[in-house]
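Novice: my questions concern the predicted model and sequence given below.
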Amino acid sequence: MRLEYSNTAVSSFTFSTNNQHQSRSACFCWLILHCAALSFIHCLLQRSDLSPDQHKVLGVLERTFKCYITEDPAASQLKESLNEQEAKLAAARNTMKLGYTDPETGSFTPASSVQLRNLMRVADNEAVRKSAYEGLRSVGPFVCEAFLKIVKDRNKLARLLGYQDFYDMKVTAAEGFGKARLFEMLDDLEVKTRSIMETARERLATEKGPAALEPHNQSHALAGDTTKATDPYFPFENAVDVWGRTFAALGIQYDGSVMTLDLCDRQGKYSNGFCHWPQPAWRHADGRWVPAHANFTSLATPDQLGSGKTALETLLHEGGHAAHFANVDQYSPFFSQERAPTSVAYAENQSMFLDSLAGDAAWLSRYAVSREGQVMPWQVVEQLVRNTHPYSVFMVRAMLVVPYFEKALYELPEDQLTPQALQTLADQAEERIQGGLSPRPLLSVPHILADESSCYYHGYVLAEMSVHQTRDHFLGKYRAIVDNPQVGADLTSCYWRPGNGSLFLDLVRQLTGKPLAADAWVARLQLPTEGLLDKEKQEYEAAVKAGPKFKPGQEVDLGMRVRLVHGDELISDSETDGGFQGACAKFKAWVRQQYFSGN
């Protein structure tokens with residue numbers, strides 16, 4: 001059986017919401033035209049002469065087609081209508097007048113949601129922080145009417161297909177288990193971390209004053225001083241070099257991938273970092289290898305305080321996604337495509353494990369280096385731990401609140417879905433799960449609007465569970481993660497090679513020897529700060545003595561071609577600019593010219 005997909009419906013590869021809509025429509029049409037393939041696959045799976053590889057490929061084809069083929073004409077029409085509605089909402093959201101009003105001059109400053117959140121972290125003027133928060137809060141009223149219509153239609157679609165609601169449909173397709181099983185796991189984490197959260201809020205109010213709990217003040221109270229102290233050790237222009245050396249020292253390879261990185265913010269850019277694959281990696285039956293083509297983006301403003309650390313964490317995160325999907329080695333591209341039945345938790349586990357390195361003293365003492373070549377001093381690392389560890393539970397609760405909100409939203413009776421009810425539901429979820437209104441208003445979270453990322457956020461929670469379980473496993477087995485090529489080898493062979501042909505929970509058990517649980521994560525949250533500092537100082541001193549495996553500017557081979565762009569502008573290309581470090585050097589020069597030439 002040969003199935004072909006043509007993208008002739010899309011006349012241009014330039015991104016626009018219209019092109020995105022056309023592309024998705026073409027995909028749906030292709031699936032409808034090939035709906036008979038599902039029956040054919042069922043017949044083939046009954047054959048007794050299939051090889052194990054043939055059975056595996058047919059199995060992933062069956063799972064994938066079941067996620068998307070709807071033989072009910074009414075469901076197909078509703079899918080197409082939702083596609084159109086979501087495209088219109090995305091276009092409107094992407095071009096809305098978003099920003100903040102200067103409290104002194106009354107002038108309006110346009111700013112993306114990422115810039116507004118960063119302003120809340122670093123602005124010393126409380127009135128500016130409050131204005132930035134109100135800017136984020138304005139997203140909800142702007143999107144609510146169109147979004148509520150989408151919510152109603154999503155539930156109609158799910159019920160036509162036999163599910164409880166849209167959330168149940170999404171989690172079943174992606175994870176292989178239903179909403180009830182998911183929230184058993186989330187409820188366990190919520191209960192075990194509630195008292196830790198309450199203690200942390202009391203501590204913050206005692207240390208910084210009750211006003212620190214206000215949503216516009218919380219991020220600044222937690223990160224303001226820390227961001228200023230750490231910022232010199234994360235020069236934005238060095239982020240790509242640091243990412244490459246970090247991954248090379250872990251033994252991570254990209255198996256011939258082509259990667260295009262678009263890192264800096266600009267007007268009209270999609271308001272969230274992401275990675276996607278125009279070409280998935282896979283292997284032909286005759287052994288020929290097809291390497292991945294990956295594009296990833298972030299929203300950095302290089303001359304803004306804190307942007308270097310944010311950019312680096314994004315590179316580790318999205319570069320982790322790219323490494324994962326570049327190394328899926330199976331006999332069909334269906335194993336390495338990014339959407340269902342690829343588990344959200346499985347995909348996010350890889351990226352979140354790798355971005356977790358940026359919080360380790362063993363990594364900071366090797367890679368957090370100022371423009372003058374000074375390693376981040378222990379006193380700054382200590383300050384970072386003291387300022388963040390007692391409050392790390394806030395991140396847990398900020399992740400949990402999104403799935404709890406979406407669960408409640410899709411369970412709300414249709415006649416109660418009004419703009420006021422939507423805002424009230426969001427506020428109540430924040431109050432219940434986070435203990436107060438959130439610095440990131442729920443209705444400003446971009447994931448909830450788009451089909452592919454709605455009812456998705458639970459994946460981050462399950463992934464973070466597995467990150468801590470995986471870290472415990474590696475530290476127990478090898479005693480070190482940073483600059484340890486055994487870690488990259490194990491990630492590649494156990495987590496990455498199988499792709500979505502294996503279930504996420506099975507892969508975690510296979511690598512760690514234990515079923516997925518919140519225990520390692522909760523234990524980390526409960527660890528006394530002084531005990532953590534003793535451990536981190538030992539690792540810091542050993543790492544300073546050892547230094548990074550690859551020095552700054554040293555050429556590394558990641559097995560990939562990297563292109564650095566800014567929209568349609570090509571900044572550098574490792575294929576034509578002298579390798580990875582040649583591309584990094586041109587990128588550094590471009591950043592300095594664009595953002596720091598006046599300094």
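Specialist: Perfect, I can see it now.

Novice: contacts and neighbour counts: CA atoms only from here.
Specialist: Will do.

Novice: could you find the closest non-adjacent residue to residue 353?
Specialist: Nearest non-adjacent residue to residue 353, counting by Cα to Cα, 6 or more residues apart in numbering: residue 467, 5.1 Å away.

Novice: give the buried residues for whichever strand or helix holds that neighbour.
Specialist: Using DSSP states H and E, residue 467 sits within helix 458-478. By 16 or more other Cα atoms under 10 Å, the buried positions in helix 458-478 come out as 458-474.

Novice: and if you look at stretch 121-140?
Specialist: Residues of stretch 121-140 classed as buried under the neighbour-count rule (16+ other Cα under 10 Å) are 121-123, 127-140.

Novice: tell me the mean pLDDT for that stretch?
Specialist: For stretch 121-140, mean pLDDT is 96.

Novice: got the CA positions of it in CSV?
Specialist: C-alpha atoms of stretch 121-140 as CSV (Å, rounded to 0.1, in the frame of the first residue of the first chain):
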residue,chain,number,x,y,z
ARG,A,121,9.9,40.0,36.3
VAL,A,122,12.4,42.8,36.0
ALA,A,123,10.7,46.2,36.2
ASP,A,124,11.4,47.9,39.5
ASN,A,125,8.3,50.3,39.1
GLU,A,126,5.3,48.4,40.5
ALA,A,127,3.0,50.6,38.4
VAL,A,128,4.8,49.3,35.2
ARG,A,129,4.5,45.7,36.4
LYS,A,130,0.7,46.2,37.1
SER,A,131,0.3,47.7,33.6
ALA,A,132,2.1,44.8,32.0
TYR,A,133,-0.2,42.4,34.0
GLU,A,134,-3.3,44.2,32.8
GLY,A,135,-1.9,43.9,29.3
LEU,A,136,-1.8,40.1,29.6
ARG,A,137,-5.2,40.2,31.3
SER,A,138,-6.7,41.9,28.2
VAL,A,139,-6.2,38.8,26.1
GLY,A,140,-9.1,37.1,27.7
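
Novice: give me the contacts around it.
Specialist: When contacts are defined by Cα atoms under 8 Å, 6 or more residues apart in numbering, stretch 121-140 is touched by residues 93, 98-103, 113, 116-117, 119-120, 215-217, 219-224, 227-228, 305-306, 423, 439-441, 443-444.

Novice: which ones among those lie within strands?
Specialist: Judged by DSSP state E, strands contain the following of the contacts of stretch 121-140: 99-101.

Novice: between these, which sits nearest residue 578?
Specialist: Of all the ones in strands among the contacts of stretch 121-140, residue 578 sits closest to residue 99, with 40.4 Å by Cα to Cα.

Novice: got a list of what that closest one touches?
Specialist: Listed by Cα under 8 Å, 6+ apart, the contact set of residue 99 reads 108-113, 116, 132, 135-136.

Novice: list only buried entries from those.
Specialist: Buried by 16+ other Cα under 10 Å: 110-113, 116, 132, 135-136, out of those.

Novice: all strands of the protein, in order?
Specialist: Counting by DSSP E, the chain has strands at residues 99-101, 108-110, 257-264, 274-279, 282-283, 289-290, 293-300, 560-566, 569-573.

Novice: got TSV for those, with distance to residue 250 and mean pLDDT too?
Specialist: Below are these laid out as TSV (distance: least, Cα to Cα, whole Å; pLDDT from 0 to 100):
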stretch	distance to residue 250	mean pLDDT
strand 99-101	40	96
strand 108-110	40	95
strand 257-264	18	96
strand 274-279	21	89
strand 282-283	23	98
strand 289-290	23	98
strand 293-300	20	90
strand 560-566	15	97
strand 569-573	23	98
